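> Could you work out the structure for the sequence below:
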Amino acid sequence: MEQYLICHCSPTLASIKTANLFSCSFERQEDFAECIAYWNKQMHPKGIAVTVLQQKPNWALVYVYRMAQLQKDLQKPGVSCFLEQYGYVDLCVEKALEHLQKRIAASDGFPHEIGIFLDYPLADVIGFIENQGCNCKCSGCWKVYQNEEDALETFARYKKCTRIYMELWMQGRSINKLTVSA
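Reported below is the predicted structural model:
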């Protein structure tokens, strides 16, 4: 699990991104549940939660997020009106994530509003939906439809963060030490 956290969640651990998402496989459900509980215990004092958005036999979709920052993201201008279109009634973090889990379970892929939960700009989430994933200006962590320059800077910052965190972790620095407190 440590390698997944470093490879996929460094920007969240560094507090430069609200959340990250990754899928992972596991052999035993009990061991996986213990692992999630362990990382929640480690991360919670630093303002981070680890939750499973979807689980199937031997596979899970894991969401790692900064609790306070996600609440702020859900309160950004335009977000509540946008999410209402997809059935989100209560935008407290816990209720919003419960609804997202239901939406993921009911869809063949990802419900596109997941971008809001991953700290993507609202304009780009809307652009993706309106353009059905086509006609973007550029792509990196997400497809960009509005502010290309800012997005490219953000992509570079996330990539640099992940590279540095990976190097430090491989040199023996613990995830606990690498994780910035809220």
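
> Could you find the closest non-adjacent residue to the most centrally placed residue in the chain?
With distances taken as CA atoms, centre = their mean, Asn20 lies nearest the centre of the chain, 2.6 Å away. Nearest residue to Asn20 in three dimensions, chain neighbours excluded: Cys9, at 4.1 Å (CB to CB, 6 or more residues apart in numbering). Using the backbone N, CA and C atoms, a C-beta is placed for each residue, glycine as well.

> Tell me who's in contact with that neighbour.
20, 22, 64 (CB atoms under 8 Å, 6 or more residues apart in numbering).

> So for the residue lying closest to the last one once chain neighbours are set aside, what's the pLDDT?
In space, and not counting its chain neighbours, Val64 is closest to Cys9: 4.6 Å by CB to CB, 6+ apart. According to the model's per-residue confidence, Cys9 sits at a pLDDT of 98.

> Could you point out which of the contacts of Cys9 is nearest to Asp108?
Phe22 (19.5 Å; CB to CB).

> which SS class is the closest one?
Assigned by DSSP: H, G, I helix; E, B strand; the rest coil, the conformation of Phe22 is strand.

> All the strands of the chain, residue numbers only.
Per DSSP state E, the chain carries strands over the ranges 19-25, 48-56, 59-66, 138-139, 143-144.

> and those strands as CSV, adding distance to Gln132?
CSV is the format used below for the strands of the chain (distance: least, CB to CB, whole Å):
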stretch, distance to Gln132
strand 19-25, 21
strand 48-56, 23
strand 59-66, 23
strand 138-139, 14
strand 143-144, 11
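
> Show me the one of these that comes nearest Met170.
Set against Met170 and scored by CB to CB, those come closest in strand 19-25, at 18.4 Å.

> how far does the closest one sit from the chain's center?
8 Å (CA atoms, centre = their mean, to the nearest Å).

> for stretch 25-33, which positions count as buried?
26, 32 (16 or more other CB atoms under 10 Å).

> Chain neighbours aside, what residue packs nearest to Glu113?
The spatially closest residue to Glu113, leaving aside those adjacent along the chain, is Tyr86, at 5.1 Å (CB to CB, 6+ apart).

> same question, Ser23
Leu61 (5.2 Å).

> what's the neighbour count on that neighbour?
17 (other CB atoms under 10 Å).

> and the gap between it and Lys177?
Leu61 is 27 Å from Lys177, where distance means CB to CB, to the nearest Å.
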